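Visitor: pasting a predicted model and its sequence here:
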Amino acid sequence: MTEQDFIPSSYAHTLTQGTVSFQSPSNIALVKYWGKYGEQLPKNASISFTLSACHTKTSLHFEPKTSDGFEFQVFLDGNREAGFEPKIQKFFERIETYIPFLKDYSFRIETSNSFPHSSGIASSASGMSALAMCLMQMERQMTPMEDAFFKKKASFLARLGSGSASRSIEGPLVVWGTHQAIEGSSNLFGVPYAYEVHANFRDYQDVILLVDKGEKQVSSTVGHNLMHSHPFAVQRFQQANNQLEALMPVLKSGDLDAFIEIVEAEALSLHAMMMTSTPNYILMKPNTLQIIERIRNFRLQTGSKVCFTLDAGANVHVLFPKSEKDQVLQFITSELVSFCKNGEYIADQTGLGAIHVSENQ
Ligand code: PMV
(Lines give C-alpha, C1' and ligand atoms only; values in the text may rest on other atoms or scores of the structure.)
Protein backbone atom coordinates (compact mmCIF):
# COMPACT_ATOMS: atom_id res chain seq x y z
CA MET A 1 0.00 0.00 0.00
CA THR A 2 1.06 3.58 -0.50
CA GLU A 3 0.03 6.91 1.02
CA GLN A 4 -2.33 7.40 -1.94
CA ASP A 5 -4.46 4.47 -0.79
CA PHE A 6 -5.44 6.44 2.31
CA ILE A 7 -6.80 9.46 0.42
CA PRO A 8 -10.58 9.10 0.20
CA SER A 9 -12.11 9.90 -3.19
CA SER A 10 -15.48 11.13 -1.90
CA TYR A 11 -17.90 10.53 0.95
CA ALA A 12 -21.35 8.99 0.62
CA HIS A 13 -22.78 11.04 3.54
CA THR A 14 -21.99 14.12 5.58
CA LEU A 15 -22.55 14.17 9.33
CA THR A 16 -24.48 16.54 11.51
CA GLN A 17 -23.19 17.05 15.04
CA GLY A 18 -22.22 14.03 17.14
CA THR A 19 -19.66 12.33 19.36
CA VAL A 20 -17.37 9.33 18.90
CA SER A 21 -15.31 7.78 21.72
CA PHE A 22 -12.40 5.35 21.85
CA GLN A 23 -10.10 3.96 24.48
CA SER A 24 -6.61 3.14 23.32
CA PRO A 25 -3.65 1.65 25.20
CA SER A 26 0.00 2.46 25.46
CA ASN A 27 2.57 -0.05 24.17
CA ILE A 28 6.07 -1.10 25.09
CA ALA A 29 8.59 -1.88 22.36
CA LEU A 30 10.65 -5.08 22.58
CA VAL A 31 12.70 -4.07 19.54
CA LYS A 32 12.94 -0.30 19.53
CA TYR A 33 12.25 2.38 16.96
CA TRP A 34 14.84 5.15 17.26
CA GLY A 35 15.52 7.26 14.19
CA LYS A 36 13.14 8.37 11.46
CA TYR A 37 13.03 9.94 8.01
CA GLY A 38 10.51 11.70 5.78
CA GLU A 39 7.16 12.14 7.44
CA GLN A 40 7.34 9.95 10.52
CA LEU A 41 8.77 6.92 8.72
CA PRO A 42 10.97 4.58 10.79
CA LYS A 43 14.60 3.82 9.95
CA ASN A 44 14.11 0.26 11.22
CA ALA A 45 11.30 -2.14 12.02
CA SER A 46 10.09 -2.42 15.63
CA ILE A 47 7.82 -4.75 17.58
CA SER A 48 5.87 -4.05 20.76
CA PHE A 49 3.54 -5.55 23.30
CA THR A 50 0.28 -3.63 23.38
CA LEU A 51 -0.60 -2.83 27.00
CA SER A 52 -4.02 -2.62 28.60
CA ALA A 53 -4.17 -0.85 31.97
CA CYS A 54 -2.29 2.22 30.70
CA HIS A 55 -4.73 3.81 28.30
CA THR A 56 -6.26 7.05 27.11
CA LYS A 57 -9.97 7.57 26.63
CA THR A 58 -10.91 10.21 24.08
CA SER A 59 -14.29 11.59 23.09
CA LEU A 60 -14.43 13.64 19.93
CA HIS A 61 -17.43 15.97 19.68
CA PHE A 62 -18.01 17.45 16.24
CA GLU A 63 -20.26 20.11 14.85
CA PRO A 64 -20.38 21.35 11.24
CA LYS A 65 -18.88 24.79 10.59
CA THR A 66 -18.29 27.00 7.56
CA SER A 67 -15.30 29.14 8.65
CA ASP A 68 -11.79 28.50 7.29
CA GLY A 69 -9.03 26.67 9.13
CA PHE A 70 -9.00 24.05 11.85
CA GLU A 71 -11.19 24.64 14.86
CA PHE A 72 -10.73 22.56 17.99
CA GLN A 73 -10.24 22.70 21.73
CA VAL A 74 -8.58 20.08 23.91
CA PHE A 75 -9.78 19.17 27.42
CA LEU A 76 -7.84 16.94 29.80
CA ASP A 77 -9.93 15.49 32.65
CA GLY A 78 -12.58 18.11 31.94
CA ASN A 79 -10.23 21.12 31.97
CA ARG A 80 -9.09 23.04 28.90
CA GLU A 81 -5.50 22.04 28.10
CA ALA A 82 -4.29 24.64 25.62
CA GLY A 83 -0.76 23.24 26.05
CA PHE A 84 -1.74 20.17 23.98
CA GLU A 85 -3.19 22.20 21.14
CA PRO A 86 -0.03 22.97 19.09
CA LYS A 87 0.63 19.22 18.86
CA ILE A 88 -2.93 18.58 17.67
CA GLN A 89 -2.67 21.48 15.19
CA LYS A 90 0.45 19.88 13.72
CA PHE A 91 -1.25 16.49 13.66
CA PHE A 92 -4.27 17.93 11.82
CA GLU A 93 -1.98 19.62 9.28
CA ARG A 94 -0.21 16.32 8.63
CA ILE A 95 -3.36 14.26 8.21
CA GLU A 96 -5.57 16.75 6.37
CA THR A 97 -4.86 15.18 2.96
CA TYR A 98 -6.10 11.85 4.30
CA ILE A 99 -9.03 13.21 6.37
CA PRO A 100 -10.33 15.98 4.10
CA PHE A 101 -13.37 16.74 6.31
CA LEU A 102 -11.19 18.12 9.12
CA LYS A 103 -11.88 21.76 8.27
CA ASP A 104 -15.65 21.18 7.93
CA TYR A 105 -16.17 20.62 11.67
CA SER A 106 -15.48 22.32 14.93
CA PHE A 107 -14.10 19.75 17.40
CA ARG A 108 -14.04 19.41 21.13
CA ILE A 109 -11.49 16.75 22.12
CA GLU A 110 -12.05 15.42 25.62
CA THR A 111 -9.35 13.15 26.88
CA SER A 112 -8.31 11.40 30.07
CA ASN A 113 -5.52 8.98 30.93
CA SER A 114 -5.77 5.96 33.22
CA PHE A 115 -2.27 6.75 34.46
CA PRO A 116 -1.24 9.94 36.24
CA HIS A 117 -0.45 12.76 33.81
CA SER A 118 2.85 13.45 35.56
CA SER A 119 3.88 9.79 35.77
CA GLY A 120 6.53 10.13 33.08
CA ILE A 121 4.61 7.61 30.97
CA ALA A 122 4.25 9.04 27.50
CA SER A 123 0.59 9.53 26.67
CA SER A 124 1.39 10.19 23.00
CA ALA A 125 0.99 6.56 21.84
CA SER A 126 -2.33 6.02 23.60
CA GLY A 127 -3.57 9.58 23.00
CA MET A 128 -2.76 9.80 19.30
CA SER A 129 -4.12 6.32 18.58
CA ALA A 130 -7.37 7.08 20.43
CA LEU A 131 -7.83 10.30 18.44
CA ALA A 132 -7.00 8.53 15.17
CA MET A 133 -9.64 5.89 15.95
CA CYS A 134 -12.23 8.62 16.64
CA LEU A 135 -11.52 10.29 13.29
CA MET A 136 -11.77 6.95 11.51
CA GLN A 137 -15.09 6.28 13.22
CA MET A 138 -16.35 9.57 11.79
CA GLU A 139 -15.05 8.61 8.36
CA ARG A 140 -16.70 5.21 8.63
CA GLN A 141 -20.02 6.94 9.28
CA MET A 142 -19.53 8.91 6.06
CA THR A 143 -18.50 6.02 3.88
CA PRO A 144 -18.57 2.25 4.43
CA MET A 145 -15.23 0.45 4.72
CA GLU A 146 -13.78 -2.94 5.65
CA ASP A 147 -12.66 -3.38 9.24
CA ALA A 148 -9.12 -4.25 8.13
CA PHE A 149 -8.82 -0.98 6.20
CA PHE A 150 -10.29 0.95 9.13
CA LYS A 151 -7.54 -0.34 11.44
CA LYS A 152 -4.75 0.13 8.91
CA LYS A 153 -5.74 3.69 8.25
CA ALA A 154 -6.17 4.38 11.99
CA SER A 155 -2.62 3.14 12.52
CA PHE A 156 -1.41 5.18 9.54
CA LEU A 157 -2.97 8.35 11.00
CA ALA A 158 -1.75 7.59 14.54
CA ARG A 159 1.78 7.24 13.17
CA LEU A 160 1.60 10.77 11.82
CA GLY A 161 0.84 11.94 15.38
CA SER A 162 3.53 9.90 17.09
CA GLY A 163 5.48 7.04 15.50
CA SER A 164 4.97 4.50 18.26
CA ALA A 165 1.21 5.29 18.33
CA SER A 166 0.92 3.24 15.12
CA ARG A 167 1.48 0.16 17.32
CA SER A 168 -1.41 0.84 19.73
CA ILE A 169 -4.41 0.09 17.49
CA GLU A 170 -4.22 -3.69 17.82
CA GLY A 171 -2.51 -6.27 20.03
CA PRO A 172 -1.00 -8.15 21.71
CA LEU A 173 2.09 -7.92 19.42
CA VAL A 174 2.42 -5.36 16.65
CA VAL A 175 5.17 -4.77 14.09
CA TRP A 176 5.74 -1.38 12.54
CA GLY A 177 8.29 -0.90 9.78
CA THR A 178 9.04 -2.83 6.63
CA HIS A 179 10.91 -6.05 7.35
CA GLN A 180 11.61 -8.75 4.80
CA ALA A 181 10.78 -11.52 7.29
CA ILE A 182 7.33 -10.11 8.13
CA GLU A 183 4.80 -10.34 5.36
CA GLY A 184 2.62 -7.27 5.03
CA SER A 185 4.88 -5.14 7.25
CA SER A 186 5.04 -1.48 6.29
CA ASN A 187 6.71 1.76 7.23
CA LEU A 188 3.30 3.41 6.88
CA PHE A 189 1.37 1.55 9.61
CA GLY A 190 1.60 -1.15 12.24
CA VAL A 191 0.40 -4.69 11.58
CA PRO A 192 -0.53 -7.39 14.11
CA TYR A 193 2.22 -9.98 14.45
CA ALA A 194 0.63 -12.90 12.60
CA TYR A 195 3.17 -15.68 13.27
CA GLU A 196 3.08 -18.39 15.91
CA VAL A 197 3.47 -17.17 19.51
CA HIS A 198 4.11 -19.57 22.41
CA ALA A 199 1.72 -19.69 25.38
CA ASN A 200 4.57 -18.38 27.60
CA PHE A 201 3.88 -14.95 26.13
CA ARG A 202 0.13 -14.99 26.77
CA ASP A 203 -0.90 -12.18 29.14
CA TYR A 204 2.75 -11.21 29.57
CA GLN A 205 3.11 -8.95 32.59
CA ASP A 206 4.62 -5.44 32.56
CA VAL A 207 5.05 -3.63 35.86
CA ILE A 208 6.12 -0.06 35.18
CA LEU A 209 8.33 1.33 37.93
CA LEU A 210 8.02 5.10 38.08
CA VAL A 211 11.58 6.16 38.80
CA ASP A 212 11.36 9.71 37.57
CA LYS A 213 8.14 11.49 36.87
CA GLY A 214 9.50 14.80 35.64
CA GLU A 215 9.61 16.18 32.12
CA LYS A 216 12.34 14.52 30.09
CA GLN A 217 15.37 16.80 29.58
CA VAL A 218 15.57 15.71 25.94
CA SER A 219 12.39 14.94 24.01
CA SER A 220 11.99 11.89 21.75
CA THR A 221 11.70 14.23 18.75
CA VAL A 222 15.16 15.65 19.47
CA GLY A 223 16.50 12.13 20.13
CA HIS A 224 15.18 10.78 16.82
CA ASN A 225 16.76 13.74 15.01
CA LEU A 226 20.15 13.14 16.60
CA MET A 227 20.20 9.76 14.82
CA HIS A 228 20.66 11.61 11.50
CA SER A 229 24.25 12.43 12.35
CA HIS A 230 24.91 9.54 14.72
CA PRO A 231 28.20 7.65 14.20
CA PHE A 232 26.53 4.28 14.91
CA ALA A 233 23.21 4.92 13.14
CA VAL A 234 23.64 2.46 10.28
CA GLN A 235 24.77 -0.32 12.63
CA ARG A 236 21.92 0.41 15.02
CA PHE A 237 19.23 0.17 12.32
CA GLN A 238 20.77 -3.08 11.12
CA GLN A 239 20.98 -4.41 14.67
CA ALA A 240 17.29 -3.69 15.32
CA ASN A 241 16.22 -5.43 12.13
CA ASN A 242 18.41 -8.42 13.03
CA GLN A 243 17.01 -8.54 16.55
CA LEU A 244 13.45 -8.57 15.23
CA GLU A 245 14.30 -11.50 13.01
CA ALA A 246 16.02 -13.27 15.91
CA LEU A 247 12.94 -12.72 18.07
CA MET A 248 10.62 -14.58 15.70
CA PRO A 249 11.81 -18.15 16.53
CA VAL A 250 11.97 -17.13 20.20
CA LEU A 251 8.33 -16.03 20.19
CA LYS A 252 7.47 -19.35 18.58
CA SER A 253 9.47 -21.62 20.90
CA GLY A 254 8.80 -19.72 24.12
CA ASP A 255 12.54 -19.61 24.92
CA LEU A 256 12.48 -17.05 27.71
CA ASP A 257 16.28 -16.88 28.15
CA ALA A 258 16.67 -15.89 24.51
CA PHE A 259 13.78 -13.42 24.90
CA ILE A 260 15.51 -11.78 27.86
CA GLU A 261 18.77 -11.47 25.97
CA ILE A 262 17.16 -9.68 23.03
CA VAL A 263 14.83 -7.44 25.05
CA GLU A 264 17.46 -6.21 27.50
CA ALA A 265 20.01 -5.68 24.71
CA GLU A 266 17.45 -3.55 22.87
CA ALA A 267 16.76 -1.38 25.92
CA LEU A 268 20.46 -0.77 26.50
CA SER A 269 21.17 -0.15 22.80
CA LEU A 270 18.46 2.52 22.75
CA HIS A 271 20.07 4.30 25.69
CA ALA A 272 23.54 3.73 24.25
CA MET A 273 22.41 5.74 21.21
CA MET A 274 21.49 8.63 23.49
CA MET A 275 24.78 8.38 25.36
CA THR A 276 26.82 8.45 22.14
CA SER A 277 25.01 11.11 20.11
CA THR A 278 26.28 14.66 19.69
CA PRO A 279 25.32 16.20 22.03
CA ASN A 280 25.10 13.16 24.27
CA TYR A 281 22.69 12.79 27.13
CA ILE A 282 21.63 10.29 29.79
CA LEU A 283 17.98 9.62 30.59
CA MET A 284 18.59 6.78 33.03
CA LYS A 285 18.84 7.74 36.71
CA PRO A 286 20.90 6.05 39.43
CA ASN A 287 17.73 4.26 40.54
CA THR A 288 17.20 2.92 37.01
CA LEU A 289 20.58 1.16 37.31
CA GLN A 290 19.84 0.00 40.85
CA ILE A 291 16.69 -1.68 39.59
CA ILE A 292 18.45 -3.27 36.61
CA GLU A 293 21.14 -4.69 38.87
CA ARG A 294 18.59 -6.12 41.29
CA ILE A 295 16.57 -7.71 38.49
CA ARG A 296 19.71 -9.41 37.18
CA ASN A 297 20.69 -10.61 40.65
CA PHE A 298 17.21 -11.92 41.32
CA ARG A 299 17.34 -13.87 38.08
CA LEU A 300 20.68 -15.39 38.99
CA GLN A 301 19.55 -16.33 42.49
CA THR A 302 16.12 -17.72 41.67
CA GLY A 303 16.11 -18.76 38.00
CA SER A 304 13.21 -16.37 37.42
CA LYS A 305 12.62 -15.20 33.84
CA VAL A 306 11.94 -11.61 34.82
CA CYS A 307 13.65 -8.96 32.67
CA PHE A 308 13.60 -5.22 32.06
CA THR A 309 13.11 -2.85 29.22
CA LEU A 310 13.20 0.94 29.01
CA ASP A 311 11.54 3.52 26.85
CA ALA A 312 13.04 6.97 26.30
CA GLY A 313 13.13 7.82 30.00
CA ALA A 314 14.23 6.66 33.45
CA ASN A 315 11.25 4.42 34.22
CA VAL A 316 11.77 0.67 34.12
CA HIS A 317 9.31 -1.78 32.55
CA VAL A 318 9.61 -5.09 34.39
CA LEU A 319 8.50 -7.91 32.08
CA PHE A 320 7.69 -11.47 33.17
CA PRO A 321 5.45 -14.42 32.31
CA LYS A 322 2.09 -14.62 34.04
CA SER A 323 3.10 -17.89 35.70
CA GLU A 324 5.62 -15.91 37.79
CA LYS A 325 3.20 -13.18 38.83
CA ASP A 326 3.06 -13.83 42.58
CA GLN A 327 6.79 -14.37 42.97
CA VAL A 328 7.81 -11.31 40.91
CA LEU A 329 5.24 -8.98 42.49
CA GLN A 330 6.60 -10.01 45.86
CA PHE A 331 10.16 -9.25 44.67
CA ILE A 332 9.05 -5.88 43.26
CA THR A 333 7.34 -4.78 46.46
CA SER A 334 10.15 -5.93 48.71
CA GLU A 335 13.18 -4.88 46.64
CA LEU A 336 12.31 -2.47 43.83
CA VAL A 337 9.53 -0.18 44.99
CA SER A 338 11.92 1.74 47.23
CA PHE A 339 13.65 3.02 44.06
CA CYS A 340 10.41 4.50 42.69
CA LYS A 341 9.31 8.11 43.23
CA ASN A 342 6.82 7.94 46.13
CA GLY A 343 6.89 4.14 45.80
CA GLU A 344 4.69 4.35 42.70
CA TYR A 345 4.35 1.66 40.04
CA ILE A 346 1.69 0.50 37.58
CA ALA A 347 0.88 -3.18 37.09
CA ASP A 348 -0.07 -3.82 33.49
CA GLN A 349 -0.16 -6.69 31.02
CA THR A 350 -0.54 -7.25 27.30
CA GLY A 351 -3.83 -6.30 25.69
CA LEU A 352 -5.69 -6.27 22.40
CA GLY A 353 -5.64 -2.63 21.37
CA ALA A 354 -8.13 0.20 20.95
CA ILE A 355 -11.81 -0.26 21.76
CA HIS A 356 -14.92 1.68 20.89
CA VAL A 357 -16.60 2.98 24.02
CA SER A 358 -20.20 4.02 24.39
CA GLU A 359 -20.61 7.69 23.54
CA ASN A 360 -22.62 8.25 26.71
CA GLN A 361 -19.98 7.13 29.21
O1 PMV B 1 6.78 7.53 19.17
P2 PMV B 1 7.91 8.41 19.62
O3 PMV B 1 8.33 9.38 18.56
O4 PMV B 1 7.61 9.06 20.94
O5 PMV B 1 9.20 7.49 19.84
C6 PMV B 1 9.23 6.52 20.82
C7 PMV B 1 10.44 5.70 20.75
C8 PMV B 1 10.66 4.69 21.86
O9 PMV B 1 9.58 4.65 22.75
C10 PMV B 1 11.90 5.04 22.64
C11 PMV B 1 10.85 3.30 21.24
C12 PMV B 1 9.64 2.66 20.66
O13 PMV B 1 9.82 1.93 19.68
O14 PMV B 1 8.53 2.84 21.19
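Guide: Right, received. Where do you want to start?
Visitor: so what's the residue count around residue 280?
Guide: Applying other Cβ atoms under 10 Å, we find 11 residues neighbouring residue 280. C-beta here means a position set from N, CA and C on the backbone, and glycine is covered the same way.
Visitor: the helix or strand hosting residue 130 near the ligand at all?
Guide: Using DSSP states H and E, residue 130 maps to helix 124-142. Yes: residues of helix 124-142 contacting the ligand under Cβ under 6 Å from any ligand atom: residue 124.
Visitor: contact partners of stretch 321-333?
Guide: By Cβ atoms under 8 Å, 6 or more residues apart in numbering, the residues outside stretch 321-333 that reach it are 200-205, 207, 209, 256, 298, 302, 304-306, 318, 320, 345, 347, 349.
Visitor: what subset of those residues is buried?
Guide: Among the contacts of stretch 321-333, those classed as buried by 16 or more other Cβ atoms under 10 Å are 200-201, 204-205, 207, 209, 256, 298, 304-306, 318, 320, 345, 349.
Visitor: which ones among those are found in strands?
Guide: Of those, the ones assigned to strands by DSSP state E are 205, 207, 209, 318, 320, 345, 349.
Visitor: sketch out the low-pLDDT regions of the chain for me.
Guide: Flagging of the chain using pLDDT under 70 yields the residue ranges 118-120, 215, 360-361.
Visitor: quick one: the helices in it?
Guide: For the chain, the helices defined by DSSP state H cover 85-95, 124-142, 147-161, 220-226, 233-253, 256-275, 286-302, 325-331.
Visitor: point out the most buried one among these.
Guide: Neighbour counts (mean count of other Cβ atoms under 10 Å) averaged over each of the helices of the chain peak at helix 124-142, with a mean of 25.
Visitor: which secondary structure elements does that helix contact?
Guide: Other helices and strands packing on helix 124-142, by 3 or more Cβ pairs under 8 Å, 6 or more residues apart in numbering; DSSP states H and E, are strand 18-31, strand 46-64, helix 85-95, strand 105-113, helix 147-161.
Visitor: nearest to the ligand among the ones you listed would be which one?
Guide: Between the ligand and those, the tightest spacing by Cβ to the nearest ligand atom is seen for strand 18-31, at 3.4 Å.
Visitor: just checking, what packs against the closest one?
Guide: Where contact means 3+ Cβ pairs under 8 Å, 6+ apart, strand 18-31 is packed against strand 46-64, helix 124-142, helix 233-253, helix 256-275, strand 307-310, strand 355-356.
Visitor: which of those sits closest to residue 106?
Guide: Smallest distance to residue 106 across the helices and strands packed on strand 18-31 (Cβ to Cβ): 5.0 Å, for strand 46-64.
Visitor: so that closest one versus helix 233-253, what angle?
Guide: Per axes from the mean of the first three to the mean of the last three Cα atoms, to 10 degrees, the angle that strand 46-64 makes with helix 233-253 is 100 degrees.
Visitor: for the ligand, give me its nearest residue in the stretch 101-250 of the chain.
Guide: Here the residue of the stretch 101-250 of the chain nearest the ligand is residue 164; by Cβ to the nearest ligand atom that distance is 3.3 Å.
Visitor: touching, that residue and residue 126? I think so.
Guide: No: with contacts counted by Cβ atoms under 8 Å, residue 164 stays clear of residue 126, the gap being 9.9 Å.
Visitor: and residue 38, how many neighbours does it have?
Guide: Neighbours of residue 38 under the rule other Cβ under 10 Å: 7.
Visitor: separation between it and residue 335?
Guide: Residue 38 sits 45 Å away from residue 335, going by Cβ to Cβ, to the nearest Å.
Visitor: on that earlier part again, with distance to the ligand added, can I get the ones in strands among the buried ones among the contacts of stretch 321-333 in a markdown table?
Guide: A markdown table is the format used below for those (distance: Cβ to the nearest ligand atom, whole Å):
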| residue | distance to the ligand |
| --- | --- |
| 205 | 19 |
| 207 | 18 |
| 209 | 16 |
| 318 | 16 |
| 320 | 20 |
| 345 | 19 |
| 349 | 18 |
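Visitor: just give me the closest of those residues to residue 285.
Guide: Minimum distance to residue 285 across these is 11.1 Å, recorded for residue 209 (Cβ to Cβ).
Visitor: not counting its neighbours along the chain, what's nearest that closest one?
Guide: Excluding the flanking residues, the one nearest residue 209 by Cβ to Cβ, 6 or more residues apart in numbering is residue 316, at 4.5 Å.
Visitor: which strand residues bridge that neighbour?
Guide: Per DSSP bridges, the residues bridged to residue 316 are residue 209, residue 310.
Visitor: surely it and residue 308 touch.
Guide: Yes: the pair residue 316 and residue 308 qualifies as a contact (Cβ under 8 Å) at a distance of 5.2 Å.
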